[in-house]
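1. Next comes the sequence, and after it the predicted model I'd like to discuss.
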2 protein chains.
Amino acid sequence: MKKVIDPWGSGLLEDYEKIIKDFGLEVFNPKLFPKPNRIMRRGVVFAGRDMEIISDAIKKKKRFYVLSGIMPSYEKIHFGTKMVVENIKYFQDNGAETYILVADLEAASTRGISLEKARKIALDFHIPAYVALGLDVKKTNFYFQSENKEVMNNAYEFAKKITLNEFKAIYGSADPGKIMGAVTQVADILYPQFKERMPGIIPVGVDQDPHIRLTRDVVKRVKEKKFFLPSSVYHKYTPSLDGSLKMSKSKPESCIELPEDIENVKKKIMRALSGGRDTLKEHRKLGAIIEKDMVFELMKQHLVEDDRELNKIYKAYKSGKMTSGELKKIACSKMEKFMNNLNKGIEKARKQISKLKFVKFK
Amino acid sequence: MKKVIDPWGSGLLEDYEKIIKDFGLEVFNPKLFPKPNRIMRRGVVFAGRDMEIISDAIKKKKRFYVLSGIMPSYEKIHFGTKMVVENIKYFQDNGAETYILVADLEAASTRGISLEKARKIALDFHIPAYVALGLDVKKTNFYFQSENKEVMNNAYEFAKKITLNEFKAIYGSADPGKIMGAVTQVADILYPQFKERMPGIIPVGVDQDPHIRLTRDVVKRVKEKKFFLPSSVYHKYTPSLDGSLKMSKSKPESCIELPEDIENVKKKIMRALSGGRDTLKEHRKLGAIIEKDMVFELMKQHLVEDDRELNKIYKAYKSGKMTSGELKKIACSKMEKFMNNLNKGIEKARKQISKLKFVKFK
């Protein structure tokens, strides 16, 4: 198998090699896509399914779509969501019809959040945050699942195509709410194709791959309509600041949410797992262990846009010229700028909410 | 436990005693309801849940509703459906708001029938058949599940209230389509209460009790809205002509569908399990074994409206004055009249389809 490309190293690489093998994914090749974005260039986007058809559509200017869902459970997102939005933006900028749906039905069936509450959270927070992160509102079609009769109707038809055991095999477990949420996602993923058959790409974190697999299984079984199998790209998790695979709210000291009070965040960064050596002398001599450094990983994934700048930091840190403390201070300063921009962006986007293009339903 | 009242006997009584015990039902008491209909008077309606609240609503002219669903799988109904319609008509005549929904989503999710096909079958056959059997179109609110956003939306919220194990305990098995069908039925059953809290009665065959139980379980758990627990009444099966509990399409010689070619039906009746004795001499001496006679049961359940007439036949047959052949001929003649009326009624009702009162959705 082709190895995952990660030009600036990550200690968690083996985990992703295993995921690729277990899930039967293709390794992501940034050369498939013109002017790949930061996370694509840097091996953070590491895998996908049926990516060539999307590459082809971009290059030949054929019609295709990018789609993603908002889970409006509370007024925060995490770095994974930020990466999803960055990938949506990439495909949007490269000609994709863009669909963003609010998964209010899934919020109800899996988390017991009322449709009214889900709607409010999405309009007050998630949609503005997505816009702040770069989504072009003029080019984006929004809808709420609960208003999309076609999506709901198709969810029922798709439910007939799968068995409980298949569902359990894909998701690990099954309960009524989860099943309804999942088959509705299948209908969402295919929704742009109800009117017009075209390829579509779904950018997700690897933990969302079950939805992609379920959709692809259903597409293969639907005889009445011919859909393109959905394509997908997967980004790595932003690792927990303590070095484990994934940030988790259950360990708040190692997890940064967006947005979050910047002074809090700085404290967390200063305490993060570092690749610096035990003594300054040793550090100058041996240099940092980059693969162990969670702050460098954060900068690589999120905080440093320019590759040359990242490369400079990488060399200085790896050679021991830059200390772990210095690296963390740079990260704090960049994080502060990012968080300020995000907050301002959300404020600004809230005022634009009336300009959103919602899909019109009969 | 109070015994099931069955004034004209049935060999299958023990089965229903067991059902009442196992499902925790109340024995049906025809005295609860003014001028009970034929199947209520004769112990064919044999059990229910929370019937007093409906009795009270009728007597005090309080608002309540009766609701039932059409499963549009193919263009036939069976005698069980006929009894459902007769009970709907009874409650409609006694002041109930009447709702008839077409379970097109359930047909899609459990049987793979497309929404278009389900719609066509319901409009061409089931609704006209229901009207032919006595439903007052002017007083009935019809809707298709697939058009009822509120029902679909609530189905997702209700799904969160139940676990897979509970579902399996109630239904015996679970698959994605069945689960979606069932939670949507829960939403249907409560739909008239979305705008106005009021008691409602659902007339069903005992095999439909799982839906009633699931709905009652959900109602107890929904904190956000206060619903009345749905009431229900249960009718017995029309037994198979060979004497087993229930007519089944898998044994076509012992099953009568509605409508069906009358010459075929007559042949089936003539061959049905009889309570007549082996010789005429013995029959005259001992009389018929009514509990074994499937044709008498058919007449009791469906073909003889007048109690005095039924009583005369009962006495003549039981005493041996009337032979099994004579009984069957009477049954054939009455069946022919019924089937003719049904066919004419369906034809006539098809022309009224434009007058149906469909629920208007935004």
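-> Thanks, I have the structure now.
2. From chain B, how far out is residue A:291?
-> Per Cβ to the nearest Cβ, to the nearest Å, residue A:291 is found 42 Å from chain B. Using the backbone N, CA and C atoms, a C-beta is placed for each residue, glycine as well.
3. Residue A:275 is in contact with that residue, correct?
-> Yes - between residue A:291 and residue A:275 there is a contact under Cβ atoms under 8 Å: 7.0 Å.
4. And those two? Which one has more around it.
-> Counting neighbours by other Cβ atoms under 10 Å in any protein chain shown for residue A:291 and for residue A:275 shows that residue A:275 has the greater number, 23 against 15.
5. Quick one: low-confidence residue ranges for chain A.
-> Applying pLDDT under 70 to chain A flags residues A:1-13, A:362.
6. Would you mind naming what in it lies close to chain B?
-> A:105-106, A:108-112, A:114-115, A:146-147, A:149, A:152-153, A:155-157, A:159-160, A:162-164, A:167, A:174-177, A:179-181, A:183-184, A:224 (Cβ under 8 Å from any Cβ of the partner chain).
7. 7 Å - rerun?
-> By the criterion of Cβ under 7 Å from any Cβ of the partner chain, the positions of chain A lying close to chain B are A:105, A:108-110, A:112, A:114-115, A:146, A:149, A:152-153, A:156-157, A:159-160, A:162-164, A:167, A:174-177, A:179-180, A:183, A:224.
8. So which elements touch the longest helix anywhere in chain A?
-> The single longest helix within chain A, with elements called by DSSP state H, is helix A:324-351. For helix A:324-351, the elements it packs on are helix A:127-132, helix A:262-270, helix A:294-298, judged by 3 or more Cβ pairs under 7 Å, 6 or more residues apart in numbering or on different chains; DSSP states H and E.
9. out of those helices, nearest to residue B:17?
-> Between residue B:17 and the helices and strands packed on helix A:324-351, the shortest separation by Cβ to Cβ is 59.7 Å, and it involves helix A:127-132.
10. Which one of the residues in the stretch 251-362 of chain A is closest to chain B?
-> The nearest approach of the stretch 251-362 of chain A to chain B comes at residue A:361, 9.3 Å away (Cβ to the nearest Cβ).
11. residues touching that residue, list them.
-> Contacts for residue A:361 (Cβ atoms under 7 Å, 6 or more residues apart in numbering or on different chains) come out as A:147-149.
12. Could you do residue A:99 as well?
-> For residue A:99, the contact set (Cβ under 7 Å, 6+ apart) comprises A:65, A:67, A:141, A:191-192.
13. and the closest residue in space to residue A:176 that isn't next to it in sequence, how many residues sit next to it?
-> Distances taken as Cβ to Cβ, 6 or more residues apart in numbering or on different chains place residue B:159 nearest to residue A:176, at 4.3 Å, with adjacent residues excluded. Residue B:159: 29 surrounding residues under other Cβ under 10 Å.
14. ok, residue B:159 - contacts?
-> Per Cβ under 7 Å, 6+ apart, neighbours of residue B:159: A:109, A:176-177, A:180, B:183.
15. and if you look at residue A:49?
-> Residue A:49 neighbours (Cβ under 7 Å, 6+ apart): A:25-26, A:212, A:231-232.
16. so how far is residue A:293 from it?
-> From residue A:49 across to residue A:293, the span is 31 Å (Cβ to Cβ, to the nearest Å).
17. related to what we said a few turns ago, any chance of the contacts of residue A:99 in CSV, plus distance to residue A:126 and secondary structure?
-> Formatted as CSV, the contacts of residue A:99 follow (distance: Cβ to Cβ, whole Å; DSSP: H, G, I helix; E, B strand; the rest coil):
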residue, distance to residue A:126, secondary structure
A:65, 20, strand
A:67, 15, strand
A:141, 15, strand
A:191, 19, coil
A:192, 20, helix
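18. right, and out of those residues, which lies closest to chain B?
-> residue A:191 (15.3 Å).
19. So which residue is dead centre in chain A?
-> By Cα atoms, centre = their mean, chain A has its centre lying nearest to residue A:84, at 2.8 Å.
20. What is the strand or helix carrying that residue packed up against?
-> According to DSSP states H and E, residue A:84 maps onto helix A:79-93. The contact analysis (3+ Cβ pairs under 7 Å, 6+ apart) places helix A:79-93 against strand A:65-70, strand A:200-205.
21. right, and the helix or strand after that helix?
-> Once the chain leaves helix A:79-93, the next helix or strand it forms, by DSSP H and E, is strand A:97-102.
22. Compute the inter-axis angle for that next one and helix A:79-93.
-> Going by axes from the mean of the first three to the mean of the last three Cα atoms, to 10 degrees, strand A:97-102 is angled at 150 degrees with respect to helix A:79-93.
23. ok and strand A:97-102 relative to strand A:65-70, angle-wise?
-> Counting by the same axes, to 10 degrees, strand A:97-102 lies at 10 degrees to strand A:65-70.
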